[in-house]
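Trainee: when you get a sec, could you give me coordinates for this:
(one chain, ligands or ions: 1)
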Amino acid sequence: MITVISATNRPNSMSLVVAQAYVSELQQLEEDCQLFDFQTLPADFAGPALYGETSASMRDLIGRYIEQSDKIVFVVPEYQGSFPGVLKAFLDGVAPRLFKNKKTAIVGVSDGRAGNLRGQEHLTGVLHYLKAHVHYSKPKLSQINTAIDRNGHWLDAVMHKMVHDHAREMVEF
Ligand SMILES: Cc1cc2nc3c(=O)[nH]c(=O)nc-3n(C[C@H](O)[C@H](O)[C@H](O)COP(=O)(O)O)c2cc1C
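Mentor: You can find the predicted model right below:
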């Protein structure tokens with residue numbers, strides 16, 4: 001099972017559009033996959049309970065999307081030159097043992113030109129700390145609003161190919 005995470009809870013995010021497009025590439029490859037949209041996180045998940053006995057709904061999300069996944073693709077928007085705080089808060093609430101030897105990959109998304117290069121490096125550091133494997137290929141989807149429309153139709157053939165090829169590599173990973 002490959003889980004594709006849209007790593008922001010911002011409404012109407014382009015990361016969710018990209019994550020859905022990534023899932024559709026995996027489905028075309030007949031790969032078992034699911035989408036984890038961070039908008040489904042409980043609104044109060046980052047309260048003090050995050051560090052102790054987490055709520056039943058968080059345990060369910062972590063079990064379904066992290067523990068039971070063989071591979072995880074993080075679709076990560078660039079926020080203030082890094083990955084979103086909501087993603088770090090989520091990772092802080094997951095038992096580190098659940099990431100040990102997990103196969104992961106990072107797709108960067110930005111309005112600007114960097115495609116979240118910095119956020120990919122920051123997140124790679126955290127995932128390596130957690131003893132996860134991070135795929136060497138990290139697509140940088142820059143100027144995302146000209147690459148794909150809100151309905152998930154690709155406008156930029158090169159970026160579409162990057163995601164298509166990456167999904168194939170993730171199946172083989
Ligand atoms: C809090 C916040 C910070 C952002 N910081 C950056 C940034 O540092 N560089 C950049 O190119 N775009 C930045 N953006 C724009 C996002 O990259 C843009 O919204 C893009 O569509 C991906 O984010 P989304 O998935 O929330 O739509 C920022 C957006 C938000 C909401």
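
Trainee: quick check: residue 76 is in a helix.
Mentor: No: membership of residue 76 in a helix is not supported by DSSP: H, G, I helix; E, B strand; the rest coil, which gives strand.

Trainee: what's the separation between it and residue 122?
Mentor: For residue 76, the distance to residue 122 under the criterion Cβ to Cβ, to the nearest Å works out to 9 Å. All C-beta spots, glycine's among them, are computed from the backbone N, C-alpha and C.

Trainee: okay, and the common contacts of these two?
Mentor: By the contact definition Cβ atoms under 8 Å, 6 or more residues apart in numbering, residue 76 and residue 122 are jointly contacted by residue 83.

Trainee: looking at these two, which one has more neighbours?
Mentor: More crowded of residue 76 and residue 122, by other Cβ atoms under 10 Å: residue 76, with 28 against 17.

Trainee: give me the neighbour count for the closest residue to the ligand within the chain.
Mentor: Proximity of the chain to the ligand (Cβ to the nearest ligand atom) peaks at residue 112, 2.5 Å away. The number of residues packed around residue 112, counting by other Cβ under 10 Å, is 11.

Trainee: which parts of the chain sit against the ligand?
Mentor: 8, 10, 13-15, 77-81, 109-112, 144 (Cβ under 6 Å from any ligand atom).

Trainee: how does it look with 5 Å?
Mentor: Within the chain, the positions adjacent to the ligand are 8, 10, 13-15, 77-79, 81, 109-112, 144 by Cβ under 5 Å from any ligand atom.

Trainee: ramachandran angles for residue 5?
Mentor: phi -100, psi 130 (degrees, to the nearest 10).

Trainee: so it bridges to which residues?
Mentor: For residue 5, the residues forming beta bridges with it (DSSP bridges) are residue 36, residue 74.

Trainee: pull out the buried positions in stretch 58-72.
Mentor: 58, 61-62, 65-66, 69, 71-72 (16 or more other Cβ atoms under 10 Å).
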